[in-house]
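Enquirer: mind looking at a prediction? Sequence and model below.
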Amino acid sequence: MNYKNGRDVLPPSLLQELQKYIQGDLIYVPKLAEKRAHWGEVSGTRKLLAERNKEIYSYYSNGWSVADLERKYHLSGESIRKIIVKSR
């Protein structure tokens, strides 16, 4: 997150209005909802988990048991089964 001085980015009338409520403190202005990234999009985690889940389903389709997949991926049997059901 970048720090910006209000004098540099806000019109004077808006700056004066904000100063009625807050002075000298930091304030966070959130992005609009449609501009926000969804969970895992920026870091790539979402993509990595989708690839892992696809791989789990592929192994399962090729005869691996849930117990085998638990050991390989260090996940619970319940998690493996959820991935398999969602991947169908």
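Expert: All right, it came through fine.

Enquirer: contacts and neighbour counts: CA atoms only from here.
Expert: Will do.

Enquirer: what sits up against the biggest helix by length in the chain?
Expert: Longest helix in the chain, counting residues (DSSP state H): helix 45-61. Helix 45-61 has contacts (C-alpha atoms under 8 Å, 6 or more residues apart in numbering) with 39-41, 66, 69, 80, 83-84, 87.

Enquirer: go with 7 Å
Expert: 40, 83-84, 87 (C-alpha atoms under 7 Å, 6 or more residues apart in numbering).

Enquirer: quick one: buried ones out of these?
Expert: 83-84 (16 or more other C-alpha atoms under 10 Å).

Enquirer: so of the contacts of helix 45-61, which ones are in helices?
Expert: Per DSSP H, the contacts of helix 45-61 map to helices at 83-84, 87.

Enquirer: could you export those residues as CSV, including distance to residue 62?
Expert: Putting the ones in helices among the contacts of helix 45-61 into CSV (distance: C-alpha to C-alpha, whole Å) gives the following:
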residue, distance to residue 62
83, 15
84, 12
87, 14
